[in-house]
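A.B. asks: Turn this into a structure:
(2 chains)
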Amino acid sequence: MLDIKNISVTFNPGTPDEKKAVTNLSMHLDDGDFVTIIGSNGAGKSTLFNAVAGTFFVDEGSIILGGQDITFLEEHKRSRIIGRMFQDPLKGTAPSMTIEENLALAYLRSSEGTSPFSHISGRDKKIFREKLSMLGMGLEDRMRHPVGLLSGGQRQALTLLMATMVTPKILLLDEHTAALDPATAEKVIELTRKIVGENHITCMMITHNMKQALEIGNRTFLMADGNIVYDVKGEERNGLKVEDLLEKFKAGTGKALDNDRILLS
Amino acid sequence: MLYILKTALELGLLYSLVPMALFLSYRVLDIADLTTDGCFVLGAAVSVQMAAMGHPILGIPLAMCAGACAGFVTAFLHTRLKVPSILAGIITNTGLYTINLMTMGWSSNVSLLKKTTIYSMFKSIPFVGDWGSVILTFIIVAAVSAFLMFFLGTRLGLSIRATGDNIDMVRASSVNPTFTITVGLCLANAMTALSGAMVAQNQKTVDINGGTGIVVIGLACLIIGETVLGRRSVKKGVIAAVVGSIIYRVIYAICLYTKIIPVDFLKLLTAVVVAIAIAFPALKKGAAFMKKKRIHMRGGDKNA
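C.D. replies: Take a look at the predicted model:
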């Protein structure tokens, strides 16, 4: 599904602040892969996501998603086939617009053919209602409320819905539960599992929760210094414990995992 | 008195599309579009020149096109060339001064004495009479308001609203913010130019400095309207622009008539009102902080 070949990203090249965020990274995701990503601070996790999503273009290498070369495709064009969520619940929704209007925007990704002058139709509303009721948060009865009135967890659940409204070729989750309280985080994770599973979405999830990284999905990357140092799936992954992961990290990089927010359990 | 109110209503309606344009650019898109001053005169100049040539009706859509072009230049500078939005507006505005002079045949004012205008045409319809200009202006303003309300509910309108609300999310929804900002600014400036076109044909004259300060007056109108009606929804915002504009002109007329405040002071007063209204959240926060500090100090005294 996703093929990344030898990409490199350097920030502020040629200045004293030069930072090689991602160096010569390659990877291949199969259709339906759900990868969890763990890494130390500045390992290049978010840079990798930004590169895939098109926030900036890579300096070298190529990115191929679902057979389409998207290396130099602009961000807003890529977003048609990429769903994305951030840690900050405020980033994914427009606060002064209603739930219904936010969903309509997300739905735009599907509607290449519809007129830009068309309104939200009754049929659209019915679809939105169905999808919202799936969240089990009662949002389906508040469709005309501004999103700014929702709690962080509700906004994040709504963003998840919006990111997957039109099934993306890849879903990028950048610590999307990190800003939520544990109970809400658990709920959003459950929803993520459910939606990703039901729609067979290829997904990458950055997390700082080691246990979660091993529990969810079918594959795990350890990242350090702008590259993937350990890639595990299948049988080997099933038997893995958090301690093993830390060990692997040390073996891969020669130093201990250094992330000030990491959760070991 | 009725005459004063009628004049205020007429002027309020004539100028109401400026606060409506600012509602679109400043409130919806969150861009302070300073193209407004020059764009207003551009619309006025185009419509007056067309009327002088005997095409008063054609002058109106042409003025709107000219305004949309001005908006496009600002949007292009801002989105493609990454000029900060306020500066982009000022640059376009400065350039427009020459364009406006050129449109007016290099003279600083043009008048339409004894020429046909849309207003003289409308008044010549039987039974319309004195209230003709109010009625015609009302029809145009109502049509534009209805269009804007409809438009902001369409998919394109939603994208424009989201651009001002959360630009990252817009990109993630496969919408190009460059496009939405451009459409928004073109539309806003077309509305400003339409207002200029109506004012000029109504007053049968255009002056090169006729737009000075109109952006601040427009903001004042919008803020007055929002204070009266609240600023929850798009529909309320559009109506607030019209209501605010009329209230402003009533205040203006009262000042003019009763001389409570000399009219020459009105621009300063407007500027102060706008500054205070926009600064209000910061002032409120500051006041709350001072209060907290005072209580803290007092509490400290008690403990000592």
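
A.B. asks: mind showing which ranges of the stretch 1-150 of chain A have poor pLDDT?
C.D. replies: By pLDDT under 70, the weakly predicted segments of the stretch 1-150 of chain A are A:111-113.

A.B. asks: residues near B:Val28, how many?
C.D. replies: Neighbours of B:Val28 under the rule other C-beta atoms under 10 Å in any protein chain shown: 23. For glycine as for every other residue, the C-beta is placed from the backbone atoms N, C-alpha and C.

A.B. asks: Now do the same contact list for it.
C.D. replies: Contacts here follow C-beta atoms under 8 Å, 6 or more residues apart in numbering or on different chains; on that basis B:Val28 touches B:152, B:160-161, B:164, B:184, B:234, B:237.

A.B. asks: number of nearby residues for B:Arg294?
C.D. replies: 10.

A.B. asks: OK, contacts around it?
C.D. replies: Residues near B:Arg294 by C-beta under 8 Å, 6+ apart: none.

A.B. asks: A strand includes it, no?
C.D. replies: No. Assigned with DSSP: H, G, I helix; E, B strand; the rest coil, B:Arg294 falls outside any strand and is helix.

A.B. asks: about what we covered before: got CSV for the contacts of B:Val28, with neighbour count and pLDDT too?
C.D. replies: Below are the contacts of B:Val28 laid out as CSV (neighbours: other C-beta atoms under 10 Å in any protein chain shown; pLDDT from 0 to 100):
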residue, neighbour count, pLDDT
B:Leu152, 21, 95
B:Ile160, 27, 95
B:Arg161, 25, 95
B:Gly164, 22, 93
B:Gly184, 26, 97
B:Val234, 22, 90
B:Gly237, 24, 93
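
A.B. asks: Show me which of these is closest to B:Arg80.
C.D. replies: Closest approach between these and B:Arg80, by C-beta to C-beta: B:Gly184, at 15.0 Å.

A.B. asks: nearest residue to A:Glu175 other than its sequence neighbours?
C.D. replies: Distance criterion C-beta to C-beta, 6 or more residues apart in numbering or on different chains; nearest residue to A:Glu175, sequence neighbours excluded, is A:Gln87 at 4.4 Å.

A.B. asks: tally of neighbours for the one you found?
C.D. replies: A:Gln87 - counted by other C-beta under 10 Å - has 17 other residues nearby.

A.B. asks: got a list of what it touches?
C.D. replies: Contacts for A:Gln87 (C-beta under 8 Å, 6+ apart) come out as A:174-176, A:178-179.

A.B. asks: Show me just the buried residues among the residues you listed.
C.D. replies: Buried members of those, scored by 16 or more other C-beta atoms under 10 Å in any protein chain shown, are A:174-176, A:178-179.

A.B. asks: sec struct for B:Arg27, please.
C.D. replies: Secondary structure, three-state DSSP: B:Arg27 is helix.

A.B. asks: Can you check the pLDDT for it?
C.D. replies: pLDDT, B:Arg27: 94.

A.B. asks: any idea how far the spatially closest residue to it that is not a sequence neighbour is from B:Arg231?
C.D. replies: In space, and not counting its chain neighbours, B:Arg27 is closest to B:Gly237: 6.1 Å by C-beta to C-beta, 6+ apart. Using C-beta to C-beta, to the nearest Å, we find B:Gly237 at a distance of 6 Å from B:Arg231.

A.B. asks: what do the two both touch?
C.D. replies: By C-beta under 8 Å, 6+ apart, the residues touching both B:Gly237 and B:Arg231 are B:Arg27.

A.B. asks: what does the longest helix along chain A contact?
C.D. replies: The longest helix of chain A (DSSP state H) is helix A:182-199. Under the criterion C-beta under 8 Å, 6+ apart, residues A:34, A:135, A:151-153, A:156-157, A:160-161, A:164, A:167, A:171, A:173, A:176-178, A:180, A:201, A:203, A:205, A:212, A:216 lie in contact with helix A:182-199.

A.B. asks: How about stretch A:138-145?
C.D. replies: With C-beta under 8 Å, 6+ apart, stretch A:138-145 has contacts from A:98-100, A:125, A:128-129, A:132-133, A:150, A:154, A:157-158.

A.B. asks: out of those residues, which are buried?
C.D. replies: Buried members of these, counted by 16+ other C-beta under 10 Å: A:98-100, A:128-129, A:132, A:150, A:154, A:157-158.
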